[in-house]
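1. Output the structure for:
(chains A and B)
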Amino acid sequence: MKSAMTKIVAAISYIFLIFIPSVVLGDLRTDILRNAAKEFIYNTVPFETRTDVKKVKLGEKLFNDKNLSLNGDIACASCHIDKFGSADGLPNSIGVGGKGVGVERIKSGGVIVPRNSLPLWGRAEEDFKVFFWDGKVEKREDTLISQFGRQSPSTNPLIVAIHLPFVELREMIIDTDVVNTTLKSETVESASKIYYTLLERINNNQNYRSAFIDAYNIKPSELEFIHIADSNAQFIQDKFRIRASKFENFVTRKSNLSSSEIQGGLIFFGKGKCVSCHNGKHYSDFEFHAIPFPQIGFGKNGFGVDYGRFNVTHDPKDLYKFRTPPLTNVENTAPYGHSGSAQTLKEAIIYHIDPLRLLKTQQMSAIERNEYYRKLLASNNILLKTSFLDDNEIHQLVQFLKTLSFD
Amino acid sequence: MNIKLGSIFVIGLSATYILGMFSTNLKKEIVKTYYETEYSNYVFKCDQVMREHFVAKQMVATSPNDDNVSLLVQAEIGLIDCQDYDLLRKKLLSYGLEESDLSEMGLKAIELKAKDIRKVVEIHEIRYD
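-> Below is the predicted model:
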């Protein structure tokens, strides 16, 4: 009898020894992940969305209206498409002359814009202060820095950012001879001429005109381009507001994650060091870092070169640096990197930790390799921080990144 | 008759002991073989995160700033990999392996990389005499 009891106790102890630690460990991992999320991500007060329905509707119309480009053949919605998570699904955007979406757009013979189209999630939130890959519009404390200098049309960085594509050659303006001789001067004055032309189109459209007067409660003579930009901002604020992701629901204990997603999360916040730069509610520190993504396309500086942030600051320390991209809905916004050279999230991760693995150096020209060495050198700070991850861990990290999406 | 019976008993007992020993060792070998790759993987991962944790601590000690403190917190989270290693160790002990068996498996894992050197020496027929 005593022997039987001993055996039962031994059997129970055995079961505890084998199974209980995995249960306890599961809880431990969950707790660590939730605490890390609270420390690194959800450490700010949620932003309240306040939009005006009339302005939002007006902004939506304008967002889709090609008449708001000087040549009348491209709208904001041409490169910010729902299907691609509000980006365009292409490595480099296709600006004026492009037709259709996705691959069709490349084949249509439109003009290439040498950067990857950015999604619009959370752009209207107060803590979103740095816009575009090279941060050419940014708000640091109370100072707004942009190409407009002291003649900034607004203190709201989103509204200033909205002003830029309309006057960006290739993006929304085709560089005809007339444009080259009359408007290509890189001055606020020539930009103002374009805004005035677009404003006139709105003024000449009775429906738009009435809608603006009604929505903004202004006299007809008071209608300005800033109202157009503001209504666009209202639409972006409403449509692309950040909602609770699967991960946020996990953090607030409304749902669970799979063990693979939890493991990926622990890598994100732990040895992957991803959260060093991808932190805060937008998963971006809004700082500039060099990641050795290869260059696809002509590049902002030509001949397959894109100096990134350097183009804004002219500080050699900023060579090859780009703003940390936010990760909201990241699974839907492929391809990745400033020139879209990573087709998948897995590739994007590998370029952060083991870039040579994907690089076909034998197929690169000597100049391409030389350029890549410089990029690698500029990336040393990131490459020294990140850890080795095996393929299973990379897969888990991808699984985690997919939890940053919402419906 | 009694001597014969006694001999049979002693031989039987010895055979049982030997078989018992053999089956215990066989079980150990099966467990070791089955878990060798997983164990070596955990040995590497735990070693990696411990090294990085040490470096992160030194970075805070030498340059105490927010970035380095943040990296240390991340390195601490990374130490969760050592929990996997500890858990597998406990599991293997419960399966009948002993500390010496685990040490042997650990050494094998560490020496995996050393095979590279042997291979290079063999390929290039480097001689030291």
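
2. in the stretch of helix or strand A:Glu200 belongs to, what's buried?
-> Assigned by DSSP states H and E, A:Glu200 belongs to helix A:188-203. By neighbour count with 16 or more other Cβ atoms under 10 Å in any protein chain shown, helix A:188-203 contains the buried residues A:188, A:191-195, A:198-199, A:202. (Each C-beta comes from the backbone N, C-alpha and C, glycine too.)

3. got the CA positions of it in PDB?
-> Extracted in PDB, the C-alpha atoms of helix A:188-203 (Å, rounded to 0.1, in the frame of the first residue of the first chain):
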ATOM      1  CA  VAL A 188       7.900  79.000 -52.200                       C
ATOM      2  CA  GLU A 189       6.700  81.500 -54.800                       C
ATOM      3  CA  SER A 190       6.600  79.000 -57.600                       C
ATOM      4  CA  ALA A 191       4.900  76.500 -55.300                       C
ATOM      5  CA  SER A 192       2.400  79.200 -54.400                       C
ATOM      6  CA  LYS A 193       1.600  79.700 -58.100                       C
ATOM      7  CA  ILE A 194       0.700  76.000 -58.400                       C
ATOM      8  CA  TYR A 195      -1.500  76.100 -55.200                       C
ATOM      9  CA  TYR A 196      -3.200  79.200 -56.700                       C
ATOM     10  CA  THR A 197      -4.000  77.300 -60.000                       C
ATOM     11  CA  LEU A 198      -5.400  74.400 -58.100                       C
ATOM     12  CA  LEU A 199      -7.400  76.700 -55.800                       C
ATOM     13  CA  GLU A 200      -8.900  78.300 -58.900                       C
ATOM     14  CA  ARG A 201     -10.100  74.900 -60.100                       C
ATOM     15  CA  ILE A 202     -11.900  74.400 -56.800                       C
ATOM     16  CA  ASN A 203     -13.300  77.900 -56.900                       C
END
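
4. residues making contact with that helix?
-> With contact meaning Cβ atoms under 8 Å, 6 or more residues apart in numbering or on different chains, helix A:188-203 is reached by A:67-68, A:70, A:147-149, A:151, A:163, A:166-167, A:173, A:182-184, A:208-209, A:212, A:220, A:223-225, A:228.

5. ok so, going back, any idea which of the buried residues of helix A:188-203 is the one closest to A:Gln234?
-> Nearest to A:Gln234 among the buried residues of helix A:188-203, counting by Cβ to Cβ, is A:Ile202 at 15.5 Å.

6. where does A:Lys139 fall, helix, sheet strand or coil?
-> What DSSP: H, G, I helix; E, B strand; the rest coil gives for A:Lys139 is strand.

7. B:Val49 contacts A:Lys273, doesn't it?
-> No. The pair B:Val49 and A:Lys273 fails to qualify as a contact (Cβ atoms under 8 Å) at a distance of 11.5 Å.

8. which parts of chain B sit against chain A?
-> Residues of chain B lying near chain A by Cβ under 8 Å from any Cβ of the partner chain: B:48-49, B:52, B:67, B:70-71, B:73-81, B:83, B:87, B:90-91, B:94.

9. just checking, next helix/strand downstream of the helix holding A:Glu200?
-> Of the helices and strands lying after helix A:188-203 in sequence (DSSP H and E), the nearest is helix A:206-216.

10. and that following helix, what other elements does it pack with?
-> Judged by 3 or more Cβ pairs under 8 Å, 6 or more residues apart in numbering or on different chains; DSSP states H and E, helix A:206-216 is in contact with helix A:53-63, helix A:188-203, helix A:225-239.

11. Tell me how far the first one lies from the chain's centre.
-> With Cα atoms, centre = their mean, to the nearest Å as the basis, helix A:53-63 stands 22 Å off its chain's centre.

12. So what touches that helix?
-> A:68, A:75-77, A:80, A:208, A:211-212, A:214-216, A:228, A:230-239.

13. Go through it and flag the buried ones.
-> A:54-63.

14. I'd like the next helix or strand past it.
-> strand A:93-94.

15. helices or strands next to that next one in the packing?
-> strand A:112-113.

16. Can you tell me the element A:Ile349 falls in?
-> Short version, using DSSP H and E: A:Ile349 is in helix A:345-353.
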